[in-house]
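Peer 1: Any chance you can model this:
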Amino acid sequence: MSDLTSLSAAEMADGIRQRKISPVALVEAHLSRIERLNPLLNAFVTVDAEGARKAAKAAESALAGKEPLGPLHGVPLTIKSSIAVAGYPTEAGTRIRAGIVPSADAPLVRRLREAGAILLGNTNAPEFLMAYETDNPLYGRTNNPWDLSRTPGGSSGGESAAIAACCSAGGVGSDGGGSIRVPAHFSGICGLKPTPGRIPATGHFPPSAGPFAALGVVGPMARTVADLQILFSVMAGPDSGDAYAAPVPVRWPSPAELQNLRIGCFEEDGRIPVTPETRAAVRAAAKALESQGFAVEPFLPEGLEEARRIWWTLFGRAGNLLLGPLVAGREKELGPILLEFLGMVAAEPPLTLDFFLAALLDRDAVRARFLAQMETFPVLLCPVCAIPAFHHRERRWSVAGREVVYLDAVSYTQWFNLLGNPAAVVPVGRSPEGLPIGVQVIGRPHEEEIVLAVAAKIEEACGPASHPPL
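Peer 2: Here you go, the predicted model:
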């Protein structure tokens, strides 16, 4: 592995500022690695070698000037292909949108460029983003760099695979039911699902509107928590195109604020069992915090199962009301994974207006009860998923002597989309097969800075993410 591509984004930016790293050399190292590894991974939709080289030369020239450099000056990043980047196809993995290319950057992309970042390209996602694995009729299947026979997760699986394989220093995914956190967990990297509106979702497809407005968010993915902090600081801030945007300034907590936190921890929700190694990872994260003086106590919040059921009503059943008209009459063009999702929804009773309105009211009620519990425990630790990365197209697993099915295995992330909490993933453990296992850190709405600070403490004690043995 090139020493340059294995550095963190923060180390790259610092080396560039000190004139120890050339932006041109850094981009060339990444492009060379992409050329070598992407045929194995299939993580990229677009590799913008010409644009990246041009931006790198401009970044190098800027080093000779007197203008202040942005926090990401010269750092090569990638963007999930559901987020608008001028000139890059934004097709959401479906033939129905084949050839759609935006003419303008999404606000978060513009902010990254203004901070000095260089875009290498955009990354693969499942069709209409409706899967926890990355495979679609336009670009095919993305493989996990830890084991090519397994998925890197979805829907931000191309992004997580590219970052884990050091083909990108970091980037941006999106998350409506775990689509940043599950890929981060499966691929052994870090990821942040922010509070809705904290980072503008303007320019994302499908739009974060209607039932998705309170569920779907965009957020940073990287190999270290420090890199998440930089990316979050750059992208955060309101935008008029995001209905949930709020002018919340970035404010990092003091050490005293962190030490006074009570942290609740649960290894399992009582409904879906998790692997022994997943339990061990949560325990290791808890012990890492205790060793640094944090008060960590066993605590299983009430209302999680209710939150999961309401999430499925809004994401699956109501979401299908939006998706249905887009695919009507073109079902033969759809891939098998999206058809599988549509079949799950079709098996449900028809969604009535009364049931939908009741779900909206119930969402607010369960959210209020959950936030009341977080007055006592403003930070929670729990699993990301019941299992590590699964083999392509697997749908059932035996865990602790019980059968666990597809949507249930990943239910540990779905709660927090419905509840609106920020949640980060940090790698902590390994499965017997050597696959990475992450732990989820959850905070109160608009307290991403606390979530990331606690995640950084776990990373500090447990060590940084390892690189996959490609």
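
Peer 1: hey, C-alpha coordinates of whichever strand or helix holds residue 342 in CSV?
Peer 2: Residue 342 belongs to helix 336-346 when elements are defined using DSSP states H and E. Extracted in CSV, the C-alpha atoms of helix 336-346 (Å, rounded to 0.1, in the frame of the first residue of the first chain):
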residue,chain,number,x,y,z
PRO,A,336,-33.8,-8.4,-8.4
ILE,A,337,-32.8,-6.7,-5.1
LEU,A,338,-35.2,-3.8,-5.6
LEU,A,339,-37.9,-6.2,-6.7
GLU,A,340,-37.3,-8.1,-3.5
PHE,A,341,-37.8,-4.9,-1.5
LEU,A,342,-41.0,-4.1,-3.4
GLY,A,343,-42.2,-7.6,-2.7
MET,A,344,-41.7,-7.0,1.1
VAL,A,345,-43.8,-3.9,0.9
ALA,A,346,-46.5,-5.6,-1.2
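
Peer 1: For that helix, buried residues please.
Peer 2: Neighbour counts over helix 336-346 (16 or more other Cβ atoms under 10 Å) mark 337, 338, 341, 342, 344, 345 as buried. The way it works is simple: take the backbone N, C-alpha and C, and place the C-beta from them, glycine included.

Peer 1: The following helix or strand past it packs against which elements?
Peer 2: Next in sequence after helix 336-346, counting helices and strands by DSSP H and E, comes helix 353-373. Using 3 or more Cβ pairs under 8 Å, 6 or more residues apart in numbering; DSSP states H and E as the contact test, the elements touching helix 353-373 are helix 304-312, helix 411-419.

Peer 1: and residue 189, which of the ones you listed is closest to it?
Peer 2: The stretch from those with the least distance to residue 189 (Cβ to Cβ) is helix 411-419; that distance is 15.1 Å.

Peer 1: which other residues reach the closest one?
Peer 2: Contacts to helix 411-419, defined as Cβ atoms under 8 Å, 6 or more residues apart in numbering, come from residues 175-178, 181-182, 193, 214-217, 269, 271-272, 274, 304, 307-308, 310-312, 314-315, 363, 366-367, 370-371, 382-386, 422-423, 440, 442.

Peer 1: Can you get me a residue count around residue 20?
Peer 2: 8 (other Cβ atoms under 10 Å).

Peer 1: Apart from its neighbours in sequence, what residue is nearest residue 103?
Peer 2: What sits nearest to residue 103 in space, not counting adjacent residues and going by Cβ to Cβ, 6 or more residues apart in numbering, is residue 86, at 5.9 Å.

Peer 1: Let me see the contact set for the closest residue to residue 395 other than its chain neighbours.
Peer 2: Leaving out its chain neighbours, the residue that sits closest to residue 395 by Cβ to Cβ, 6+ apart is residue 406, at 4.6 Å. Neighbour list for residue 406: 132, 395, 396 [criterion: Cβ under 8 Å, 6+ apart].

Peer 1: quick one: the first one and residue 306, what's the gap?
Peer 2: It refers to residue 132. Counting by Cβ to Cβ, to the nearest Å, the gap from residue 132 to residue 306 is 22 Å.

Peer 1: tell me which element residue 442 is part of?
Peer 2: Using DSSP H and E, residue 442 maps to strand 436-443.

Peer 1: re the thing from before, mean neighbour count, the helices and strands packed on helix 353-373: which tops it?
Peer 2: When neighbours are counted by mean count of other Cβ atoms under 10 Å, the highest per-stretch mean among these falls to helix 411-419, a mean of 26.
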